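Undergrad: the sequence and its predicted three-dimensional model are supplied below.
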Amino acid sequence: MSKTRSVFECQACGFSSSKWLGRCPDCGEWNSFVEEKVAPLPPAGGKGPRQASLGLETGGRPHLFDEVDGAEADRIPSGIGEFDRVLGGGIVPGSMVLIGGEPGIGKSTLLLQVAHLLARMGGPVLYASGEESERQIKLRGERLGVKGGALYLMGETALERIVEQVDAIKPTALVIDSIQTIYSTRLSSAPGSISQVREVATQLLFLAKGRGLTTFLIGHVTKEGSLAGPKSLEHIVDTVLYFEGERQQHHRIVRAVKNRFGAISELGVFEMTGAGLAPVPNASALFLGERLEGAPGSAVTATMEGTRPMLVEVQALVSPTSFGNPRRMTIGLDANRTALLLAVLEKRVGLQLLGEDVYANVVGGLDVAEPAVDLGVAVAVTSSFRNRPVPPRTVVFGEVGLGGEVRAAGQAALRVREAVQMGFTRCVMPERNLPANGGAGGGIELCGVRTLEQALEAVFAEG
Ligand code: TYD
Ligand code: MG
């Protein structure tokens, strides 16, 4: 005789306890425990209906390393270049991809577009939504130009019924919009609770791996920016993509933060248009599009996002402080690194920044974490402090050390090439990165520098 068991789980971190607690001993959250009833699993041995439906009936046995089929499954291009790029070159059949982002940022839009293209190309695709009715999805799809292909829509919140339809339709890809709205009838807790999210994700994982079904999960993020539900969700899936940036802006940035099948830090740039998300292959043009040339406090720097060079504008505003402690604020840049750069500017170059508030921002909602943008930040701050604009066709890059030295950056040639393509005529860069011939004949003047002081001299020499 098996009985229903009951456990109490912290909704913030997933800690479970046999009795109710006021404060979670693990994460310290107050009042986060909720009772979860767990139905017993069907007895082991003899195939229970659940095991059979999850495709677990094949007996597992280990294989010799050499015996294992190592050929990489052919990736399926989704037809949206920027989406394939973040995935590392297309969709891996049978993989499980989690897409997180704020509400309204475009998760459903992107996946409906992907589902449509996949349905047109290959086998049937099932789009199951617990958030919108079939009619609502259809209305959105009409704006996106969805037509034809075996794309099935299903407004459903019960996992078991979705699995039933997967059995019936046998899709090649499944979209779950959103993992927080789907529940399993095995648990009595509410959809979105930690045990439901974990249960649903695990069952879908069995389904995906058992049948080679490509699965896309949409996930909500909390105010703090992490995925709602258990952290373990990120461990379960193969790939985690995040929508970055602000939904007030017309462009959207999708970044891979985990990818079992490719490089991370690869970035996809989209523009939200009246007909859905359109890929933006030339991101530099987008990020530099609204630049006010000749304004003090603006510098263009070349950063690498995964394998792609990208020119971005760093802006700084330096103004006398009216507080005892000057303010330092950054958007899109690492705050500690910027503080460090300000100290280097103060000590090695002699800029009197102690009595100044400093605000620094990367235009376009992009987060750049790369040290090679240091020189861009330093130049922007100096430009604002001295109220002298950076010549408009000059681009800078390089890491700045505590001694005021400018250190080499990776992939310098790619950065320079991107600058040439965007019409820049002068590049102030680490001396060590200069090509062997000194960079003659590339259509761009390369200025190699060793120290921050030299770099500032080179930038502000003319103009
Ligand atoms: P949506 O995909 O519903 O966001 P999420 O699923 O992440 O919550 O995106 C909704 C936003 O996108 C909404 O503010 C309207 C806008 N949008 C467009 O601008 N054009 C379009 O073609 C579509 C479908 C949506
Ligand atoms: Mg949505």
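TA: Cool, got the structure. Ligands and ions are numbered 1, 2, ... in the order given.

Undergrad: need the CA coordinates for the helix ranked longest in the chain. PDB is fine.
TA: Using DSSP state H to define each element, the chain has its longest helix at helix 194-211. Output of helix 194-211 as PDB, limited to C-alpha atoms (Å, rounded to 0.1, in the frame of the first residue of the first chain):
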ATOM      1  CA  ILE A 194       9.100  24.800  -7.700                       C
ATOM      2  CA  SER A 195       8.100  21.100  -7.600                       C
ATOM      3  CA  GLN A 196       5.800  21.500 -10.600                       C
ATOM      4  CA  VAL A 197       8.500  23.200 -12.700                       C
ATOM      5  CA  ARG A 198      11.000  20.600 -11.800                       C
ATOM      6  CA  GLU A 199       8.600  17.700 -12.500                       C
ATOM      7  CA  VAL A 200       7.400  19.100 -15.800                       C
ATOM      8  CA  ALA A 201      11.000  19.800 -17.000                       C
ATOM      9  CA  THR A 202      12.200  16.400 -16.000                       C
ATOM     10  CA  GLN A 203       9.400  14.600 -17.700                       C
ATOM     11  CA  LEU A 204       9.900  16.700 -20.800                       C
ATOM     12  CA  LEU A 205      13.600  15.800 -20.700                       C
ATOM     13  CA  PHE A 206      12.800  12.100 -20.700                       C
ATOM     14  CA  LEU A 207      10.400  12.700 -23.600                       C
ATOM     15  CA  ALA A 208      13.000  14.700 -25.500                       C
ATOM     16  CA  LYS A 209      15.900  12.300 -25.000                       C
ATOM     17  CA  GLY A 210      13.800   9.200 -25.400                       C
ATOM     18  CA  ARG A 211      12.400  10.100 -28.800                       C
END
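
Undergrad: that one: what's the following helix or strand?
TA: strand 214-220 (DSSP states H and E).

Undergrad: right, and the helix or strand after that following strand?
TA: Using DSSP H and E, the first helix or strand after strand 214-220 is helix 232-236.

Undergrad: what average pLDDT does that following helix get?
TA: Computed over helix 232-236, the mean pLDDT rounds to 81.

Undergrad: now what about that helix, what contacts it?
TA: 14, 96, 98, 179, 197-198, 201-202, 205, 219, 227, 240, 258 (CB atoms under 8 Å, 6 or more residues apart in numbering). Glycine gets a C-beta too; all of them are placed from N, C-alpha and C.

Undergrad: which one of those residues has the most neighbours?
TA: residue 197 (28 neighbours; other CB atoms under 10 Å).

Undergrad: coming back round to it: any idea how far the longest helix of the chain is from the chain center?
TA: Between the centre of helix 194-211 and the centre of its host chain there is 22 Å, according to CA atoms, centre = their mean, to the nearest Å.

Undergrad: got the buried residues for that helix?
TA: For helix 194-211, burial by neighbour count (16 or more other CB atoms under 10 Å) applies to 194-201, 203-211.

Undergrad: output the below-cut-off pLDDT ranges for the chain.
TA: 1-4, 38-59, 72-73, 222-232, 245, 438-441, 462-463 (pLDDT under 70).

Undergrad: near ligand 1, which residues of it?
TA: Applying CB under 6 Å from any ligand atom, we find that the chain lies next to ligand 1 at 101, 103-109, 140, 143-144, 272, 274-276.

Undergrad: and the longest helix of the chain, what other elements does it pack with?
TA: Helix 194-211 is packed against strand 5-10, strand 96-101, helix 159-169, strand 173-177, strand 214-220, helix 232-236, with contacts defined by 3 or more CB pairs under 8 Å, 6 or more residues apart in numbering; DSSP states H and E.

Undergrad: okay, the ones you listed in TSV with distance to residue 414 next?
TA: What follows is the helices and strands packed on helix 194-211, written out as TSV (distance: least, CB to CB, whole Å):
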stretch	distance to residue 414
strand 5-10	46
strand 96-101	28
helix 159-169	43
strand 173-177	34
strand 214-220	31
helix 232-236	30
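
Undergrad: which one, of those, ends up nearest to residue 389?
TA: Of all these, it is strand 96-101 that lies closest to residue 389, at 36.4 Å by CB to CB.

Undergrad: so which bits of the next helix or strand after the closest one are buried?
TA: Following strand 96-101 in sequence order, the next helix or strand is helix 107-121 (DSSP H and E). By neighbour count on 16+ other CB under 10 Å, the buried set for helix 107-121 is 107-119.

Undergrad: helix 159-169 and the next helix-or-strand element following helix 107-121, what's the angle between them?
TA: Later in the chain than helix 107-121, the nearest helix or strand by DSSP H and E is strand 125-129. Interaxial angle of strand 125-129 relative to helix 159-169 (axes from the mean of the first three to the mean of the last three CA atoms, to 10 degrees): 160 degrees.

Undergrad: and strand 125-129, which strands flank it?
TA: Partners of strand 125-129 in the sheet, by DSSP bridges, are strand 151-155 (parallel), strand 173-177 (parallel).

Undergrad: in the stretch 301-450 of the chain, what residue comes closest to ligand 1?
TA: Ligand 1 sits closest to residue 365 of the stretch 301-450 of the chain, with a gap of 15.5 Å, by CB to the nearest ligand atom.

Undergrad: can I assume that residue sits in a helix?
TA: No: secondary structure assignment (DSSP: H, G, I helix; E, B strand; the rest coil) places residue 365 in coil, not in a helix.
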